[in-house]
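Peer 1: Based on what follows, work out the 3D shape:
(one chain, ligands or ions: 2)
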Amino acid sequence: MNPKRNIRIFIAGHRGMVGSAIWRKLEAEGYTNLIGKTSTELDLRNQAAVHDFFKAEKPEVVIDAAARVGGILANNTYPYQFLMENLQIQNNLIDTAFHSGVEKFIFLGSSCIYPKLAPQPLKEEYLLTAPLEPTNEWYAIAKIAGVKACEAIRKQYGKDYISLMPTNLYGPFDNFDLKTSHVLPAMIRKFHEASQSTVHGRQSTVTLWGSGTPMREFLYVEDLAEAVVFAMENKFSDNLYNVGTGEDLTIKDLALIIQKIVGHTGEIIWDSTKPDGTPRKLMDVSKMEKAGWKAKTSLEDGIRKTYLWFLENQGSFKEVKI
Ligand SMILES: NC(=O)C1=CN([C@@H]2O[C@H](COP(=O)(O)OP(=O)(O)OC[C@H]3O[C@@H](n4cnc5c(N)ncnc54)[C@H](OP(=O)(O)O)[C@@H]3O)[C@@H](O)[C@H]2O)C=CC1
Ligand SMILES: C[C@H]1O[C@H](OP(=O)(O)OP(=O)(O)OC[C@H]2O[C@@H](n3cnc4c(=O)[nH]c(N)nc43)[C@H](O)[C@@H]2O)[C@@H](O)[C@@H](O)C1=O
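Peer 2: Ligands and ions are numbered 1, 2, ... in the order given. As a prediction, the model looks like this:
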């Protein structure tokens with residue numbers, strides 16, 4: 001066996017959409033020493049517990065996919081949880097990993113760290129050049145602190161601590177709770193449920209949020225998992241890398257694609273009392289491509305796979321409550 005495949009890798013948040021995709025990818029690649037703990041087994045907000053865990057398990061690589069995560073409404077409704085829990089989780093992980101001698105740490109942020117009205121596509125160097133989008137500034141500030149903590153360790157101590165900034169993600173094990181989820185899983189559930197019920201012989205209407213004009217970029221979570229494993233296996237020359245497809249579309253166009261895949265024929269209503277969020281956040285993915293990684297899955301293929309997963313897991317899919 002390749003001894004490298006025996007390295008002790010801690011995947012924080014291994015039950016989440018992203019963490020579980022990374023776990024599956026690492027297993028498929030033959031890594032045998034994967035470590036995962038649920039939030040009940042190890043609350044990463046608890047500094048002493050994190051310290052004891054590192055002492056006992058001695059991970060050599062840490063992948064941080066644990067976070068308080070949610071869509072636009074959850075971010076806007078629970079600013080304190082999104083700021084504080086994320087700071088606590090990532091500070092405990094980064095600082096304990098550093099003091100335990102972990103040489104490789106991968107921190108996952110989000111495209112919302114960039115300024116609301118930054119030029120498009122978003123380059124890594126636009127970080128901290130203008131104000132953030134108000135619906136997610138609390139979460140973004142926590143994520144920026146994580147990026148900077150890894151950058152500081154890299155600058156001061158020369159350790160391979162890097163930050164990957166994924167665009168909006170979707171796929172198996174996503175959160176399908178209609179209050180806390182992101183737009184893509186919410187649309188799958190809304191269109192599916194409306195397609196199953198009729199009013200006066202017509203399929204039920206679907207209510208979506210905002211104006212439908214904002215643009216978003218979507219990456220299939222298994223592509224992200226591949227990018228994370230690529231980053232784990234290679235030494236990158238810099239601290240911060242965007243991870244996306246480099247292509248976006250309007251929320252209205254996304255709705256039409258999902259409506260067609262699900263087979264919904266009813267009306268769509270736009271609820272203008274709900275926020276639009278940032279008008280556009282398209283990633284410049286050239287830095288990651290130069291490093292040697294590119295997304296593979298088309299949006300339609302990814303949505304079809306996710307819808308299939310949703311159908312196969314009805315009744316047991318995740319609904320995150322805050
Ligand atoms: N979803 C998206 O669109 C995007 C996500 N990201 C980033 O990817 C990462 C993962 O997101 P995603 O998989 O979607 O989120 P999920 O909500 O699916 O998973 C989050 C995971 O974090 C764990 N977690 C949360 N709080 C704690 C805690 N206090 N102690 C221990 N574990 C905790 C949960 O553990 P448990 O299940 O055991 O409770 C869960 O497994 C995050 O850093 C997020 O910011 C970035 C861009 C977009
Ligand atoms: C990943 C990213 O995710 C969040 O930012 P967001 O991209 O704005 O989030 P979202 O996916 O929830 O919405 C995208 C767009 O879609 C519209 N929309 C329509 N109908 C529904 C709907 O039914 N549900 C939701 N959630 N949105 C809807 C919605 O009004 C908005 O215009 C932040 O958490 C941020 O911190 C972050 O990192």
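
Peer 1: Can you name the residues that contact the closest residue to Leu132 other than its chain neighbours?
Peer 2: Distance criterion C-beta to C-beta, 6 or more residues apart in numbering; nearest residue to Leu132, sequence neighbours excluded, is Ala140 at 4.9 Å. Heads up, the C-betas are built off the backbone N, CA and C, glycines and all. Ala140 makes contact with 110, 112-113, 132-133, according to C-beta atoms under 8 Å, 6 or more residues apart in numbering.

Peer 1: Quick one: distance of the host helix or strand of Ala48 to the chain centre.
Peer 2: Per DSSP states H and E, Ala48 falls inside helix 47-57. Centre-to-centre, helix 47-57 and its host chain are 25 Å apart (C-alpha atoms, centre = their mean, to the nearest Å).

Peer 1: For it, C-alpha coordinates in PDB please.
Peer 2: Taking Å, rounded to 0.1, in the frame of the first residue of the first chain, the C-alpha atoms of helix 47-57 are listed here in PDB:
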ATOM      1  CA  GLN A  47     -11.900  24.700  22.800                       C
ATOM      2  CA  ALA A  48     -10.900  22.200  25.500                       C
ATOM      3  CA  ALA A  49     -12.800  19.400  23.800                       C
ATOM      4  CA  VAL A  50     -11.000  20.200  20.500                       C
ATOM      5  CA  HIS A  51      -7.700  20.200  22.300                       C
ATOM      6  CA  ASP A  52      -8.300  16.800  23.900                       C
ATOM      7  CA  PHE A  53      -9.400  15.400  20.600                       C
ATOM      8  CA  PHE A  54      -6.200  16.500  18.800                       C
ATOM      9  CA  LYS A  55      -4.100  15.100  21.600                       C
ATOM     10  CA  ALA A  56      -5.800  11.700  21.400                       C
ATOM     11  CA  GLU A  57      -6.200  11.300  17.600                       C
END
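
Peer 1: Run the chain-centre distance for whatever helix or strand comes next after that helix.
Peer 2: Once the chain leaves helix 47-57, the next helix or strand it forms, by DSSP H and E, is strand 61-64. Distance of strand 61-64 from its chain centroid, counting by C-alpha atoms, centre = their mean, is 15 Å.

Peer 1: Quick check: phi and psi on the residue of the stretch 51-200 of the chain found nearest ligand 2?
Peer 2: The nearest approach of the stretch 51-200 of the chain to ligand 2 comes at Gly71, 2.8 Å away (C-beta to the nearest ligand atom). Gly71 has phi and psi values of phi -80, psi -170 when expressed as degrees, to the nearest 10.

Peer 1: Contact partners for it?
Peer 2: 180-183, 186.

Peer 1: change it to 6 Å
Peer 2: The contact partners of Gly71, taken as C-beta atoms under 6 Å, 6 or more residues apart in numbering, are 181-182.

Peer 1: Could I get the pLDDT score of it?
Peer 2: If you check Gly71, the pLDDT there is 98.

Peer 1: try the one 5 residues further on
Peer 2: Reported pLDDT at Asn76 in the predicted model: 96.

Peer 1: Ok, Lys318 next?
Peer 2: pLDDT for Lys318: 79.

Peer 1: The stretch 101-250 of the chain against ligand 2: which residues are in contact?
Peer 2: Residues of the stretch 101-250 of the chain lying near ligand 2 by C-beta under 6 Å from any ligand atom: 110, 112, 136, 139, 168, 181-183, 186, 208-210, 214, 216.

Peer 1: Could you identify which of those has the most neighbours?
Peer 2: For those, the largest neighbour count, defined by other C-beta atoms under 10 Å, is 29 neighbours, found at Tyr139.

Peer 1: rewinding a little: tell me if the helix holding Ala48 is near ligand 1.
Peer 2: No - Helix 47-57 stays clear of ligand 1 (C-beta under 6 Å from any ligand atom), getting no nearer than 9.0 Å.

Peer 1: For Phe218, the count of nearby residues, please.
Peer 2: Phe218 has 22 nearby residues by other C-beta under 10 Å.

Peer 1: Quick check: the nearest residue to it once chain neighbours are set aside vs Arg304, distance?
Peer 2: Nearest residue to Phe218 in three dimensions, chain neighbours excluded: Asn168, at 5.2 Å (C-beta to C-beta, 6+ apart). Using C-beta to C-beta, to the nearest Å, Asn168 is found at 18 Å from Arg304.

Peer 1: Alongside ligand 1, which residues does the stretch 201-322 of the chain contribute?
Peer 2: Those residues of the stretch 201-322 of the chain that sit near ligand 1, judged by C-beta under 6 Å from any ligand atom, are Val320.

Peer 1: The residue of the stretch 201-322 of the chain found nearest ligand 1: how many residues sit nearby?
Peer 2: Proximity of the stretch 201-322 of the chain to ligand 1 (C-beta to the nearest ligand atom) peaks at Val320, 5.6 Å away. Val320 has 17 neighbours, counted by other C-beta under 10 Å.

Peer 1: does it really touch Thr180, like I thought?
Peer 2: Yes - between Val320 and Thr180 there is a contact at 4.9 Å, judged by C-beta atoms under 6 Å.

Peer 1: What ranges does the stretch 101-250 of the chain have for its helices?
Peer 2: If DSSP state H, counting those that start in this stretch is used as the criterion, the helices of the stretch 101-250 of the chain fall at 137-157, 183-195, 221-233.
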